[in-house]
Structure formats: C-alpha cells, structure tokens
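Structure here, sequence nowhere to be found:
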C-alpha cells in the first residue's frame, strides 16, 4: 500500500457539478485545488453513470432569461457545440476537459474519502485533513488544506467533522411553511435508476429475470406514463426509498429500483400493449441517483418564504428558478402524482450564509447539502443550481484561504470581496451590480459607432388570431410612449390592451395592472393600430402587455424577434396539470419569432453605456448594447475613453449568449443552434497609442460568452475600441460588458 500526502489551498470532496464548479471557481481565483471524486467519471447525477438531465433556473422554459452564466453556463454552451445530440459520454468529456484545462486543479478520481482529522473545541473546530483510498492504484492519500468544501451530496465530510445537520421534513410550525407537514418525520425524496432503449430494426426478445417487478400488480401503469418513445430522465418517476434511509439502505434501494426497471421493460416488450418488437434495452443504470439526504446548517436556513418571496439577500451569490418540487415518499408505488410544483414568480436569490457550516470553522458546502429546509431544498437541489452554489463556494473558499478570512467574515462584514470576485468571474448572480474598484472600465465614458434606438419588426410571415389572450414582454428604459401593431380585423370595433408591471426586475408575468387602453379598429387587412401607453417607470424594467381576447382580430407575426421581447399564450391547465399548487397560465410562444410591431419613439434600452458597471445579465431589461443592423453598420464598434491614461494588462469581454435560450445537456428538448447566433464571432480590440489605433487583442471563431485577454505587454492609453467584424448569425452586434484591469 502506498501512502501519499497532498497539500493545497482548497480541498473539494465530490465531483458532481457542484464540486466541479467549486474546484474551477477556486482555481480561477488563484487557489491551488485538490478535487476528489469517488467515481471514475465526473458529473455526479449528470454523468454517463446516472444520466439525469441538468435542470436549473430556466425550469424547462417556465422562467425567462434565467439560464445560468459562470462555469455552469460555459458547460451548457460548450456542450451545445460539442454534443448537439446529447450523448452522455460526450457530456462526460465536456466536464472532464473543463477541469483538466485548469492548471491549479489536481484531480483524484476513484478516491473515496473515509477519514477526517479536525482540531479545536466547539465552534472553533476546524478540519485539518481528509484521507481517501484510491481504488485501482491502491493508494492511501491524505489531503490537507486551509478550506474544505463538502460537495459529496450525502454530506459525509461534514458528518465526519461534526457539522450540525438536518434530515427529513421539518414541522410546519418551525418555519411557517405551508408545504411542510404538521408533524415532522424522516421522509426524504427517493432515489432513481434510469434506462435507455434502442430500435435494432429487427425483432428482439426479452426474457425477464425472476426478480423483475410485476408492475401491473403493483399498480404502476395506472398512475405513471409509460411509452416506447421515452428514454432516460423521461422516467424520472422511477423513484423509491424516501421512507428509508437512502444511505444505510442504498443497496436495497438499488435492487428494488432495478427490479422496477426490468418490470417496466417486461411490460413494454411482453404485454402486447406496445409496438416494441424491434426494441432492446440498451443501458440501465447501476448507481442510484440520489435526491436528498443531509442538509447542513449555516448562518441562514433557506425557507419556502425566501423562495416564493424572492428575498433580496445582501449576500446573494447566485439564483435559482426551478419550482419547489416535492415527491411522495412512496415514490413509484404512490397513487398520487409523482411530483407537485410551486414556481416562484421569477428567479429567487441564494445567500452565501447557506454555504458554510455554523459550527465547523473552515467547512463550506455546495450542492444538495446546503443550509435549507426540506421544502426550500425542493428547488435548490437541481443540478444547475447546485453548480451555481459550487462556483460561489469555490470562489469564497479561495478568498478565505488566500486572504485569511473565515467563512463567517465573508458572509457578513467582508462580503464585498466575494461579490467583486463573482462579478469579475461572470458568475451566475442576479441583480448584483459591478462595483469592482479594480475594473478600470467603470470610470470610462462609452461611445459607439451606432446604437439601435428605433425598434421595429416589419416583415409579416404569419398571423395569430386572438382566440385567447396574448402577452408580450417589452423592455422599457425611460419612457414607453406608444406601440403600433400590424393586424387584420374581420369587423370594426375596439381593441383592448392592458399594461402590467411584473413588479420585480427578474419577473416576466403580469402581476400588477398599471392601465388599460383601447384603440379603434376598422375592418380590413394589414392595419397599423397605435396604442398610447404614456408610461415612464422610475427604473429600467419590463412591461407586460396583454392583448385581450377578440376572435375578430389577427395579429401579424414575423420570423424574427428583437432582444428583450418575449411572447406568451394564455391557457387554462389541462386536467392532469391541476394537481400543482400554482399553475402558470402564461406559456411562452413564438420562440425565435415575434409580433410585427413598432415603438412610436426612440428607446434607450440598448444604450452603449450599459457595457460598463451595471448588470451583466437581463434584469429589468436586456442590460446590453446593440448596434444598428449590420447592413447599416457592417463593422460596429464601442469606444471607452478615460480622462487620464490607464495602464491596462487584462481585458474581459462578455457577449450575449441569449440567456432565454433553454439549453440542456442530454436534450430533454433540442435547441436548433450549435453556436448561439447572438454571440459575437470575430472581433479585435484596439488602443489609441501615439495618435494611432493599434490592435492589442483578437477574437476569431468565438463561440463563448466570456472572452478574457491577458496582454503580453500592458498598454498605457486613454482610449480603447472593440470592433465587431462578424456575429454568429445575429443581425446586430450585442455586447453585455467590457471590463479592463491593470
């Protein structure tokens, strides 16, 4: 047996998406990192071993402009390019390549941490090392560091360290949560094993093993959807073990779940109810995908009220948007629906105080073990949100290790250090302004070759009859004077339009009626009808416009849209959807399309000054610069000017990767673009030196949102210019942020 020791600044235990993003986040922020994973592949529940879709704040399109940025966003966008067919093994590669690209990360696969050393009494207790056995290599490795991040999911490291934790369901009386049970219990969300089938093009048979479950006798087909076209996570409801201890009973749970899978396949192949003669079982999971176990206690316990009320924490480090999604403890054998959902009105915030232990002084946690009630955990547990928490924990842990702060100090009086680092990393934060004193661009004046101020979509392609109410989100910066729409009317009459306030900058719902206006309509085709809205909100925000039902009117639609606008149909829930506590009546429509409309006055929604300071994602509007059409301005540019010369050694450019496009790793649905058209493809950065524009950085064939340039030789100048020479298909150039550092 070989005995080794590894010393680093930060040790991350667990190689799921939370651990991967924690390790990358810490390494990019300057820390030496050891990343330990007890499986042969990275990715946790999303890996080829388990194959769960990576869901997050978009909630399969329920929330808008909600896709994660930061490291999780990079993985989504890169997977879209490398893996357009959603191959689970290619997804493994995307994750592994991202980790191996960081020189400050040492990766240890197949290494199971089983021992821990800690020193100090009471709340001064700190972890000094963890020890793991690396299978195959027969090595016993001890990892020591200043900060430790438990991303194990089940929370083994925190348990060994003596960290305070919770399991099961709290009583309603503890936090006043309406979805909590009256009486506490030990029930959790269960585990899942998935399977894939394949059409061989010829008849195949299936001889079920003796342990295959008789799912008809168990009543499963009565309460769950089984179809031959479903694969993988479409069978998320194959869940069991919520009434057991999902760790102590892991082997029993795995065996039961596999018996259910083989029973389902026997039912598909041999019941005669399906056209399945040519289908064979291609893959079945052997590792149960766990949903819930230990939740450690931090300085704040996230609750149902925090999620649904969208609490604006001062120490927010990320956001979520998935519904509070709770499942019956009986899992696949339950007679009720497999899940119930309660969506917040928009994305909600997550505080740093949920990411460190209340009683172990150098223990951070990220993933499905953070400080949250069982009910709030029902939304934070999805993997893209876990990844966001991982990056935040990694960045914070690196600051703690390198600058000598405790987690609690960073969660309170020193939080600005974390905030600035997350903004600089383009992490997935919401409503957090760039106030970084190191960003030289914040002091610059911005000008542009052109800015899109006249907003109009003119070319009709189809029509949409107002048989149901129709919604439109429109960003407003300054005033919204009037709106013109193109329509056909079967008869003369009056058309009604409602103007609603979504209330919060991250919401896209009609939550507060501002006014109702009307316009006279004559019988005839292709009329331009003007609505006078005369609205001037104090801050940039979204307007939600509702066109009331009128079957005599058809709105003209176009094959393109404009950034910041979203369209919705109104519909009542289908009978099988009414079980949810809250149903979204407004469903997005006209993806990549839009209405034919005009704003009656110029807008400042796409003004160039938004690329410095401010927000780096949609928040009360798109928060980006858009040039005029490339047909008018074929090489648009942005220029930053300072009153005094600045010495610049590093540039960070953030481009528009269309955060309303819902990407997913294994393709619950398909997105048509391998590279998002809104991204800038080719560009150059120039500096004014000796009265001449000299190139200092280039970008070619770009497919990423964030592009960093460390200059070989820092330049001293009072003017720099970003020149866009091509996009990946967008009709205008979009830039979210330009940042400069010494």
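All right, it came through fine. Keep in mind that this is a model prediction, so the values were computed, not measured.

List the residues that contact residue 221.
By C-beta atoms under 8 Å, 6 or more residues apart in numbering, the contact list for residue 221 reads 215, 267. C-beta here means a position set from N, CA and C on the backbone, and glycine is covered the same way.

Help me confirm that it is found in a helix?
Yes - under DSSP: H, G, I helix; E, B strand; the rest coil, residue 221 sits within a helix.

State the distance from it to residue 215.
As judged by C-beta to C-beta, to the nearest Å, residue 221 and residue 215 stand 6 Å apart.

overlap in contacts of those two?
Between them, residue 221 and residue 215 have residue 267 as joint contacts when contacts are counted by C-beta under 8 Å, 6+ apart.

For the spatially closest residue to residue 358 that is not a sequence neighbour, give me the pLDDT.
Among residues not flanking residue 358 along the chain, residue 297 sits closest, at 4.9 Å (C-beta to C-beta, 6 or more residues apart in numbering). If you check residue 297, the pLDDT there is 98.

and residue 297, what is it in contact with?
Per C-beta under 8 Å, 6+ apart, neighbours of residue 297: 163, 164, 165, 166, 357, 358, 359, 371.

What is the neighbour count of the second one?
Using other C-beta atoms under 10 Å, residue 164 has 14 neighbouring residues.

Surely it touches residue 357?
Yes - if you go by C-beta atoms under 8 Å, residue 164 and residue 357 touch, sitting 7.2 Å apart.

what sits in contact with each of those two?
296, 297.

which stretches of the stretch 401-550 of the chain have low pLDDT?
The model of the stretch 401-550 of the chain has no residue with pLDDT under 70.

can you pull out the strands in it?
In the stretch 401-550 of the chain, the segments counted as strands under DSSP state E, counting those that start in this stretch are 445-448, 456-457, 462-466, 470-476, 480-489, 493-501, 512-521, 524-535, 541-547, 550-558.

Kindly report the domain assignment for the chain.
Domain segmentation of the chain under automatic domain parsing yields 2-168+298-424, 191-284, 440-450+619-741, 456-599.

Now that we have the ones you listed, can you turn them into a markdown table and tack on distance to residue 180?
A markdown table is the format used below for the domains of the chain (distance: least, C-beta to C-beta, whole Å):
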| stretch | distance to residue 180 |
| --- | --- |
| domain 2-168+298-424 | 5 |
| domain 191-284 | 15 |
| domain 440-450+619-741 | 30 |
| domain 456-599 | 13 |
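
Go through the ones you listed and pick out the most buried.
Comparing the domains of the chain by mean neighbour count (mean count of other C-beta atoms under 10 Å), domain 2-168+298-424 comes out on top with a mean of 22.

ends of it, how far apart?
For domain 2-168+298-424, the first-to-last residue distance is 41 Å (C-alpha to C-alpha, to the nearest Å).

for stretch 160-176, same thing?
First-to-last distance for stretch 160-176 - C-alpha to C-alpha - comes to 31 Å.

Number the residues from 49 up from this point.
Sure, I'll start counting at 49 from here, so that last one is stretch 208-224.

tell me which element residue 442 is part of?
helix 431-451 (DSSP states H and E).

for residue 119, that is, sorry about that
Under the criterion of DSSP H and E, residue 119 resides in helix 118-130.

packing partners for the following helix or strand past that helix?
Where DSSP H and E defines the elements, the next helix or strand beyond helix 118-130 is helix 136-148. For helix 136-148, the packing partners by 3 or more C-beta pairs under 8 Å, 6 or more residues apart in numbering; DSSP states H and E come out as helix 65-76, helix 118-130, strand 153-156.

Relative to the whole chain's centre, how far out is helix 136-148?
Chain-centre distance of helix 136-148: 18 Å, with C-alpha atoms, centre = their mean, to the nearest Å.

which residues are contacting that helix?
65, 68, 71-72, 83, 89-91, 94-96, 99, 119, 122-123, 126-127, 130-131, 153, 155, 713-714.

ok and that helix relative to helix 65-76, angle-wise?
30 degrees (axes from the mean of the first three to the mean of the last three C-alpha atoms, to 10 degrees).

need the contact list for residue 635.
Neighbour list for residue 635: 616, 617, 618, 619 [criterion: C-beta under 8 Å, 6+ apart].

For the third one, give me its contacts.
Each residue near residue 618 by C-beta under 8 Å, 6+ apart is listed here: 516, 517, 518, 519, 594, 633, 634, 635.

Just give me the closest of these to residue 782.
Of all the contacts of residue 618, residue 519 has the smallest distance to residue 782: 24.0 Å, by C-beta to C-beta.

Verify the contact between that closest one and residue 613 for me.
No - with contact defined as C-beta under 8 Å, residue 519 does not count as touching residue 613 (10.8 Å).

Quick one: the strands of the stretch 449-598 of the chain as JSON lines, columns for distance to residue 781 too.
Formatted as JSON lines, these follow (distance: least, C-beta to C-beta, whole Å):
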{"stretch": "strand 493-496", "distance to residue 781": "9"}
{"stretch": "strand 504-505", "distance to residue 781": "18"}
{"stretch": "strand 510-514", "distance to residue 781": "28"}
{"stretch": "strand 518-524", "distance to residue 781": "18"}
{"stretch": "strand 528-537", "distance to residue 781": "25"}
{"stretch": "strand 541-549", "distance to residue 781": "31"}
{"stretch": "strand 560-569", "distance to residue 781": "33"}
{"stretch": "strand 572-583", "distance to residue 781": "29"}
{"stretch": "strand 589-595", "distance to residue 781": "23"}
{"stretch": "strand 598-606", "distance to residue 781": "21"}
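
and residue 745, which of those is closest to it?
strand 493-496 (18.0 Å).

mind listing the helices for the protein?
Assigned by DSSP state H, the helices in the chain fall at 65-76, 118-130, 136-148, 204-209, 220-223, 268-271, 298-318, 352-356, 422-428, 431-451, 455-459, 463-472.

So what angle separates the directions of the longest strand belonging to the chain and helix 118-130?
The longest strand of the chain (DSSP state E) is strand 754-775. Relative orientation of strand 754-775 and helix 118-130, computed by the same axes, to 10 degrees: 40 degrees.

Now find how far off-centre strand 754-775 is within its chain.
Per C-alpha atoms, centre = their mean, the centroid offset for strand 754-775 relative to its chain is 29 Å.

rewinding a little: next step: the contacts of residue 635 restricted to strands.
616, 617, 618.

could I get the residues you listed as JSON lines with distance to residue 137 and pLDDT?
Below are those laid out as JSON lines (distance: C-beta to C-beta, whole Å; pLDDT from 0 to 100):
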{"residue": "616", "distance to residue 137": "37", "pLDDT": "96"}
{"residue": "617", "distance to residue 137": "38", "pLDDT": "95"}
{"residue": "618", "distance to residue 137": "42", "pLDDT": "93"}
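
May I see these organised as CSV, with distance to residue 768 added?
CSV is the format used below for the ones in strands among the contacts of residue 635 (distance: C-beta to C-beta, whole Å):
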residue, distance to residue 768
616, 41
617, 45
618, 47
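
Among these, which one sits closest to residue 654?
Closest approach between the ones in strands among the contacts of residue 635 and residue 654, by C-beta to C-beta: residue 616, at 22.4 Å.

can you pull up the bridge partners for that closest one?
residue 519, residue 636 (DSSP bridges).

Now for it: which residues touch it?
518, 519, 520, 521, 634, 635, 636, 637.
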